[in-house]
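# Fold the stuff below for me.
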Amino acid sequence: MTFAWQGSAQPNIGVQGTVQTVLTTEQIQRRVIDIARQINTDYAGKTLYAVGVLEDGFVFMADLVRHLEMPVICQFVKPETKEVQQGDVSTTQIFFSPEVDVRGGDVLLIQGLLQSGIVTEFLMRNLTARGAAGVKVATLLDRQTGRRVMLQPDYFGFLVDESFVFGYGLGSNGMGRNLPFVATTKEMAGRK
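Reported below is the predicted structural model:
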């Protein structure tokens, strides 16, 4: 499906190519409500620590928490990876900021896209080490073909196969995040 822009020209959203809709705004909103119902059942009577993973997860988190019926403490983390060379060995180090306080809390780690799972697994272990009573993962999009660790989200919206998507908080160099739907372009479809 190709999205028809209002007016005669596609607005400049910073993404090259013809925009093709992968998931409509309506599909996303229906699924967000379904996920919230599941979470409301699973966490009834509890306080939930919602930890949003920036940048891709901020729109999904905002929509999701508005449908939750328990007390919610919202926090955000921004993970960064860094390649470190020690002799002949190259390792990846993962850092995140700011520090979050989740001691004794039930944590829901909220992402826009779960792909390799490496950073997600690291964040789950780190939050558990910080004293979380439990950590579950919610993601809008799950690209299982990119998984590099044994990890499945507890809540997910849609499985995707497209190698590059943007919109609804997802973006390329910060661009395209403002679209209310998830899209791709033919030109970017092969990009990893």
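# so what secondary structure elements neighbour the longest helix seen in the chain?
If you go by DSSP state H, the chain has its longest helix at helix 25-42. Judged by 3 or more CB pairs under 8 Å, 6 or more residues apart in numbering; DSSP states H and E, helix 25-42 is in contact with helix 58-65, strand 134-142, strand 155-159. For the C-beta atoms, the positions are set from N, CA and C on the backbone; glycine is no exception.
# closest to Leu23 out of these?
strand 155-159 (6.0 Å; CB to CB).
# list the helices and strands that closest one packs on?
Helices and strands touching strand 155-159, as assessed by 3+ CB pairs under 8 Å, 6+ apart, comprise helix 25-42, strand 134-142.
# quick one: which of these is nearest Leu54?
With CB to CB, the closest approach to Leu54 among the helices and strands packed on strand 155-159 belongs to strand 134-142: 13.9 Å.
# how about the longest helix of the chain: buried residues?
For helix 25-42, the neighbour count (16 or more other CB atoms under 10 Å) marks 28, 32, 35-36, 39 as buried.
# ok and that helix relative to strand 134-142, angle-wise?
Between helix 25-42 and strand 134-142, the angle comes out at 160 degrees (axes from the mean of the first three to the mean of the last three CA atoms, to 10 degrees).
# List the strands paired with the following helix or strand past helix 25-42, with their directions.
For helix 25-42, the succeeding helix or strand toward the C-terminus, using DSSP states H and E, is strand 48-53. As defined by DSSP bridges, the strand partners of strand 48-53 come to strand 72-86 (parallel), strand 106-114 (parallel).
# Among those, show me which one is buried the most.
Most buried of the strands paired with strand 48-53, by mean neighbour count (mean count of other CB atoms under 10 Å): strand 106-114, with a mean of 24.
# Show me what the following helix or strand past that one is packed against.
Past strand 106-114, further along toward the C-terminus, the next helix or strand under DSSP H and E is helix 118-129. Under the contact criterion of 3+ CB pairs under 8 Å, 6+ apart, helix 118-129 touches strand 48-53, strand 72-86, strand 89-97, strand 106-114, strand 134-142.
# Could you rerun that using 6 Å?
Applying 3 or more CB pairs under 6 Å, 6 or more residues apart in numbering; DSSP states H and E, we find helix 118-129 packed against strand 106-114, strand 134-142.
# Tell me which residues of that helix come out buried.
Buried positions in helix 118-129, judged by neighbour count with 16+ other CB under 10 Å: 118-124, 126-127.
# what is the orientation angle of that helix with strand 48-53?
If you take the same axes, to 10 degrees, helix 118-129 sits at 150 degrees to strand 48-53.
# can you give me the offset of the longest helix of the chain from its chain's centre?
Between the centre of helix 25-42 and the centre of its chain there are 15 Å (CA atoms, centre = their mean, to the nearest Å).
# what comes into contact with that helix?
With contact meaning CB atoms under 6 Å, 6 or more residues apart in numbering, helix 25-42 is reached by 63-64, 67-69, 155, 157, 180-181.
# which of these count as buried?
Taking 16+ other CB under 10 Å as the criterion, what is buried in the contacts of helix 25-42 is 63-64, 68, 155, 157, 181.
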